[in-house]
Structure formats: structure tokens, C-alpha cells
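Q: Pasting the sequence and the predicted coordinates here, then a few questions.
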Amino acid sequence: MFQKNQKKVLTAWTMYDWANSVHNLVIITVVFPMYFLATTSVKDSLGNIINDEVNFFGFHVQNSVLYSYTISVATLLLVLLNPILTPLADSSGRRKFFMKLFCYLGAASCAYFFFFTRDNVNWVVIAFGLSIVGWGGSIVFYNSFLPEIATEDRFDNLSARGFMMGYIGSVLLLVFNLVMIMKPEMVGLSQADTESGLTARITFLTVGLWWALFAQIPFYYLPKDNVKRLKGEVFSSSFRELRKVLGELRQNNLIKRFLLAFLFYDMGVMTVIYVATIFADKELHIEKTGLIVTLLLIQLIAIPGSFLASWLSGKFGNTKALLIEIFIWSLMPLAAYFTTTANEFYVIAAVVGLVMGGIQSLSRSTYAKLIPDDTKDTASYFGFYDIVEKIAITLGTLLFGVAEQLTGDMRNSVLVILVFFIIGFLLLMRIPSKNIYKG
């Protein structure tokens, strides 16, 4: 039997956060959305945008709307895949195999962005979607190792450590890439390479390499796959596993209530993460340098924010700690709606940084505590957690994009995010606040 709480294994587990978080920061948040908007927009001699529509396989759509829709479609694909793949991973004993498969898909997709030009936007959009599928798919199997390698009393702290490693690693790579973009001569490139977009495209290549290379650490130390021969009953075994876990979920009222609340408040969190850069660029016209510095600050503030959430859960219980975090989050879209200056945005960003890592790490560890002690189907359980998260991203970004398309003003979409947090807060109040939910 695998021995839990091994120091090397716990540290190696957190290294996958270090490896994959560069996708969220560099690709989702900072460099890629800016490069995507710049590459797909046509400007006049004064720098004013005169056309921001993209011809996506014959469909003409605004670049920012296409960006939101791509995220929605990619996460919807994950929602469809997870009910098949996660029980298959449990029944076949190949959890690490699937984690590797999605990891390499995501890393390769990021590396493909190196070839991004206006002439191949359609294929880049597809690769962008696949990078999200790769990231999200690998995360569900990664998360499922948490109850396998650690005892329950370590969930909150270990989850926070994982997010901390993710923030540190992604900031380090982003700083290197920003130096390359802003001071290209320091790495043997020229200003002309920055103006042509070469340095930005090299950035995408470094993300793919970083992700794939550092993932080798958890791949080496995490428990090996206990491969089971299914004798031609691959999918029937998968669906039997799915029905089994579904039956257990139906009888677990705490998990059902938590997942419903998580759906709504995570719609708010993930939508903010995915569209904040585009909002600041398009609505507030914040200079890219100032925006990048702000995003770096968010990542750094998120590091102590993760451990603050862990401390809150120890003092007040998981539910009350989450309610505190959600309440603070709910103030952010309200403030953003009335924000008109860069300084106001910077204040909002600092607060978001404080609660961003906390709510994510605490949500993961809280759900792990709700999983029955005697289950061996942790991938399937976290598959449902991931499905809810992906539905949250799909609905959140979709409704955000629809609101902008219908009203013609992205600022109106911000109010939709506020509604998500309010509903999530009210639903979470129905769950008792305890540090340990079982026993």
C-alpha cells in the first residue's frame, strides 16, 4: 500500500502547479490575449482600431467575443470528455497516463502559437482551445492524487502550497519573457524582433517547454499506475464506474450542495480570470506595461492569499472561510463597473490577488474533505468537480460574451459576474462550517 504524507511526493505533487500555471498566466491572462487582440485588429495611422472582426471559417465575429467563445467551447468539450475519461482512469488504473496525455496536448498547443500570424488565425484559435483542453484535462487527474498522497489534515495546507508554487513559477517565467519582449538585446534579439512579434511568439514556445519539462518531476514521484486489463470492456467498465460514483454522489447531500454553490461562485472567479486583461485593455485603455506590472502584482499577492485562506479555514471552518472570500470577490465586479481610471483598476487588482489563490486552493481542499474516506475512485470524484468548474467557465465566459454582444458594451457584462457571486454565496450558506466534514 502506498504510504501517505511522504515529503518528496507531496513536494513533487505541488510541482505540477509550478509546471502548468504558466498557461494560466502567460497564455490566458497576459501575453496571448494582448497579442491575439493586436494581431486580429486593424488600426489606422493614428493607432485607432478601425476593424476588430475575425473571419473564423466564414463567420465574422469580434476578436474579444471569439476569444470568450473559444474558452467556452473548449471547456464544454472537457465537460463532455470527463465523464468518460475519469471513470476510465479509475477502472483501468491509468490515472497518471491520462494526466500525461493531457499535459503534452496542452504543452504542444502552446508551442504551436510560435507560428501565430494573421494568416493562420483560425488554426491558432483551435490550438488555443486545445491548450485549454490539455490544461483542464490534466488538472482533474492531478487533483485526484491529493487524497491519495496526503491525509485529510494536510489537504488545506498542501493545496495552498500547490497554488503558491504555481504563482511563483509562473511569475518567474513571465518576468523572463517580459525582459525578452521589452529588452530583447539582453537575450541576443533586437527591437525589430519585438516589433515583428517574434519575441512574443518565442514566449509561447517557452510556455510549452516549461510545462512539459517541469511536469517530469511529479510524473516521476507520484504513485505509479496500477494498470488493470479490461478485456475489451473499456467503455462498459468506464460507464459502470461512472454509475457507481453517481449513485454515491446522489446520497451525499453535502457534496451536492457544495458543487451547486461552487458552480455559481466559480463562474464569477473564472470569468474574471479569463477576461480581466481584455476588459482593462478594451474598456480602460490601460497601457500594456502598467497592465503587465499589475498582473505580476496580483500573482505575488496571491501567494500569501492562499495561506491566508488556509488560516481562515483553520480558525473559522471551510465554509465560513469560503463565504468571507466570496463576499470580498462580490465587491470586485461592482467596483469594476464604476471604474474609469487605471489607478482604480490597480486597487481592484490588488484585492483580487489577495482572494484569487485563496478561493481556488480552499475550494479544492474542501471538496477533497467531502470525498468518502474509503473510496478508491478519486479521479471520478474529481472528474465531477472538474466538470462543474468547466461548466462554470463555459457559462461564465459565454454569458459575459453574450452580454457584450447584445449590449455593445463590455462594462454591462461585469454586472452578470456580480449575480454569479451572490447566488453562490447564498447557496454555500446551506453547508455547515466545519474543518473536518466527516466523522
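A: Looks like it arrived, so ask away.
Q: for the chain, what are the low-confidence residue spans?
A: 1, 47, 229-242, 376-377, 433-439 (pLDDT under 70).
Q: in the stretch 1-150 of the chain, which spans are strands?
A: Listed in chain order, the strands found in the stretch 1-150 of the chain under DSSP state E, counting those that start in this stretch are 42-43, 49-51, 53-56, 59-62.
Q: swap that for the stretch 201-350 of the chain, sorry
A: Using DSSP E, counting those that start in this stretch, strands in the stretch 201-350 of the chain do not occur.
Q: That one: helices as residue ranges?
A: Along the stretch 201-350 of the chain, counting by DSSP state H, counting those that start in this stretch, helices occupy 216-221, 234-251, 253-282, 288-316, 318-338, 342-370.
Q: Of those, which is nearest Gln405?
A: helix 253-282 (13.4 Å; Cβ to Cβ). Just so you know, the C-beta spots here come from the backbone N, C-alpha and C atoms, and that holds for glycine as well.
Q: From the contact counts, what lies against that closest one?
A: helix 31-39, helix 63-92, helix 234-251, helix 288-316, helix 318-338, helix 342-370, helix 378-407, helix 410-428 (3 or more Cβ pairs under 8 Å, 6 or more residues apart in numbering; DSSP states H and E).
Q: Need these in a markdown table (columns: mean neighbour count and distance to Gly169).
A: Output for the helices and strands packed on helix 253-282, formatted as a markdown table (neighbours: other Cβ atoms under 10 Å; distance: least, Cβ to Cβ, whole Å):
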| stretch | mean neighbour count | distance to Gly169 |
| --- | --- | --- |
| helix 31-39 | 20 | 16 |
| helix 63-92 | 22 | 22 |
| helix 234-251 | 15 | 32 |
| helix 288-316 | 20 | 10 |
| helix 318-338 | 20 | 23 |
| helix 342-370 | 21 | 13 |
| helix 378-407 | 23 | 21 |
| helix 410-428 | 20 | 28 |
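Q: need the ones you listed in JSON lines with distance to Phe176, can you?
A: Formatted as JSON lines, the helices and strands packed on helix 253-282 follow (distance: least, Cβ to Cβ, whole Å):
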{"stretch": "helix 31-39", "distance to Phe176": "12"}
{"stretch": "helix 63-92", "distance to Phe176": "25"}
{"stretch": "helix 234-251", "distance to Phe176": "42"}
{"stretch": "helix 288-316", "distance to Phe176": "12"}
{"stretch": "helix 318-338", "distance to Phe176": "29"}
{"stretch": "helix 342-370", "distance to Phe176": "21"}
{"stretch": "helix 378-407", "distance to Phe176": "28"}
{"stretch": "helix 410-428", "distance to Phe176": "31"}
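Q: how about those, which one is nearest Val207?
A: Here helix 31-39 is closest among the helices and strands packed on helix 253-282 (Cβ to Cβ), at 8.6 Å.
Q: which helices and strands does the closest one pack with?
A: Against helix 31-39 (3+ Cβ pairs under 8 Å, 6+ apart) you get helix 63-92, helix 121-143, helix 155-182, helix 198-214, helix 253-282.
Q: Figure out which of the ones you listed is closest to Leu46.
A: helix 253-282 (17.5 Å).
Q: List the contacts of the closest residue to Phe155 other than its chain neighbours.
A: Among residues not flanking Phe155 along the chain, Ser365 sits closest, at 4.0 Å (Cβ to Cβ, 6 or more residues apart in numbering). Taking Cβ atoms under 8 Å, 6 or more residues apart in numbering, we find Ser365 in contact with 146, 155-156, 158-160, 310, 313, 318.
Q: so how far is Val272 from Ser365?
A: The gap separating Ser365 from Val272 is 21 Å, by Cβ to Cβ, to the nearest Å.
Q: now do Met410
A: 13 Å.
Q: so Arg411 touches Thr340, yeah?
A: No: here Arg411 lies out of contact with Thr340, judged by Cβ atoms under 8 Å, at a distance of 9.8 Å.
Q: Report back the residue of the protein that's furthest from centre.
A: Farthest-out residue of the chain from its mean C-alpha position, per Cα atoms, centre = their mean: Ser45, at 37.4 Å.
Q: thinking again about what came up before, how much space separates the residue nearest to Phe155 from Leu428?
A: In terms of Cβ to Cβ, Ser365 sits 15 Å off from Leu428.
Q: One more: Leu77?
A: Counting by Cβ to Cβ - Leu77 and Leu428 are separated by 28 Å.
Q: ok, of the contacts of Ser365, which one's closest to Val293?
A: Nearest member of the contacts of Ser365 to Val293, counting by Cβ to Cβ, is Ala160, at 25.0 Å.
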